[in-house]
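Enquirer: sequence plus predicted model, see below.
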Amino acid sequence: MTGGRLALDIPSMFLNCLHHFTLIQLGHNFVPEFSSWRLQLRATEHRLLRWAQAAHICDELSKPFWEWPKNPEACRALKEILKQLSRAREDSADITVVCDKEELTLIDEFQQMSLWEPDAEEAENALKRLKLRYQAGLRTAPETVTCNKWTLYKLEHLSTLLDAIAKHVTTLEALFPSQLSDLAEKETKEFKSKVIQVLVPIVHDRDPILASALEKVLPKASSWNRIKITGNARVHLGHDYSSETGQGPFMWSDFVISGDGFVHAGNNYGYQTEPTL
């Protein structure tokens, strides 16, 4: 591959990867944890978009898009991401041959999203706003991708796909570490405190750069939201620590404790366990 062809292939492969992301649908097996998987998928897509923004290939009118610096590592990483997406699509097609119709039911995403908690929905909307902002300079649809929408039916297949993509995005991110950290810190301004609570566990493994930026803006004090207690239920919103150097802060929400249930979800300092005999 020549240097000129390599430079042109980098933005072209990025566009194809992005297009593959937009075509992914989820099967009904994702219903119990739909919001989590949906946000993980969006966070991974967003991570790739942030890299493209730092690499100046999110603006097709800028010279770097068409004359991107020659970088074999970036080319190989994008090629691998595209390969993983293409392989997942092929595996999905193979599953349709051996599974019955009930297993291949598509999820009704609009219905599922209507059942989301407001904070999860706002997290999705915040990622969508950032995506539109980063994509604003993209005007050319990738011509080499003509496939229709495709579906992932098994949770483990999506998990494997996202893990594989993360490995190669990490390679890309090593090219622009400071620029990416600056962009992530700016992104945190888009998120309200409750949205941060939703995103922190989602991006912990999927987007370490954003996770690090979110850690810096986490609330300094613990918070409890939407805790419902009925019957004889007992609640201790605290953890047990042997000294006052315990971890924190912590954030809890959407607990429903009833009957004779007992919940301990906070801080206890000076706690000591019974000695082992």
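Expert: In hand now; what should we look at?
Enquirer: helices along the stretch 51-200 of the chain, start to end?
Expert: Along the stretch 51-200 of the chain, counting by DSSP state H, counting those that start in this stretch, helices occupy 63-66, 72-98, 109-114, 118-135, 155-173, 177-187, 193-206.
Enquirer: count of neighbours near Leu130?
Expert: Using other C-beta atoms under 10 Å, Leu130 has 21 other residues around it. Backbone N, C-alpha and C define where each C-beta goes, glycine included.
Enquirer: hmm, His28 is touching Ile107, no?
Expert: Yes. Contact criterion C-beta atoms under 8 Å: His28 and Ile107 qualify, at 5.2 Å.
Enquirer: who has more neighbours, the two?
Expert: For His28 versus Ile107, the count of surrounding residues by other C-beta under 10 Å is larger for Ile107: 19 against 16.
Enquirer: now the phi/psi pair for the more buried one, please.
Expert: phi -80, psi 140 (degrees, to the nearest 10).
Enquirer: OK, contacts around it?
Expert: Residues counted as contacts of Ile107 (C-beta atoms under 8 Å, 6 or more residues apart in numbering) are Gln25, Leu26, Gly27, His28, Phe30, Val31, Phe34.
Enquirer: quick one: contacts for the third one?
Expert: When you say that, I think you mean Gly27. Gly27 makes contact with Glu103, Leu104, Thr105, Leu106, Ile107, Thr151, Leu152, Tyr153, Lys154, according to C-beta under 8 Å, 6+ apart.
Enquirer: list buried residues within those.
Expert: Ile107, Thr151, Leu152, Tyr153, Lys154 (16 or more other C-beta atoms under 10 Å).
Enquirer: which one is the second one nearest to, not counting chain neighbours?
Expert: So that's Thr151. Closest residue to Thr151 apart from its sequence neighbours, by C-beta to C-beta, 6 or more residues apart in numbering: Gln25 at 4.3 Å.
Enquirer: the one you found: what's it in contact with?
Expert: Counting by C-beta under 8 Å, 6+ apart, Gln25 has contacts Leu106, Ile107, Glu109, Lys149, Trp150, Thr151, Leu152.
Enquirer: from those, which land in strands?
Expert: Under the assignment DSSP state E, the contacts of Gln25 contribute Trp150, Thr151, Leu152 to strands.
Enquirer: picking that back up, the contacts of Gln25: which two are farthest apart?
Expert: For the contacts of Gln25, the farthest-apart pair by C-beta to C-beta is Glu109 and Trp150; their separation is 14.4 Å.
Enquirer: what comes up buried for the one helix or strand Glu215 maps to?
Expert: Element membership of Glu215 [criterion: DSSP states H and E] is helix 208-216. By neighbour count with 16+ other C-beta under 10 Å, helix 208-216 contains the buried residues Pro208, Ile209, Leu210, Ala211, Ala213, Leu214.
Enquirer: circling back to that earlier point, can you put the helices of the stretch 51-200 of the chain in TSV and add mean pLDDT?
Expert: Listed next are those as TSV, based on pLDDT from 0 to 100:
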stretch	mean pLDDT
helix 63-66	52
helix 72-98	85
helix 109-114	88
helix 118-135	93
helix 155-173	95
helix 177-187	96
helix 193-206	90
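Enquirer: with distance to Leu39 added, can I get the ones you listed in TSV?
Expert: Rendered in TSV, the data for those read as follows (distance: least, C-beta to C-beta, whole Å):
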stretch	distance to Leu39
helix 63-66	29
helix 72-98	18
helix 109-114	11
helix 118-135	6
helix 155-173	11
helix 177-187	15
helix 193-206	5
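Enquirer: tell me the most buried of the ones you listed?
Expert: Of all the helices of the stretch 51-200 of the chain, helix 193-206 has the most neighbours on average by mean count of other C-beta atoms under 10 Å, namely a mean of 19.
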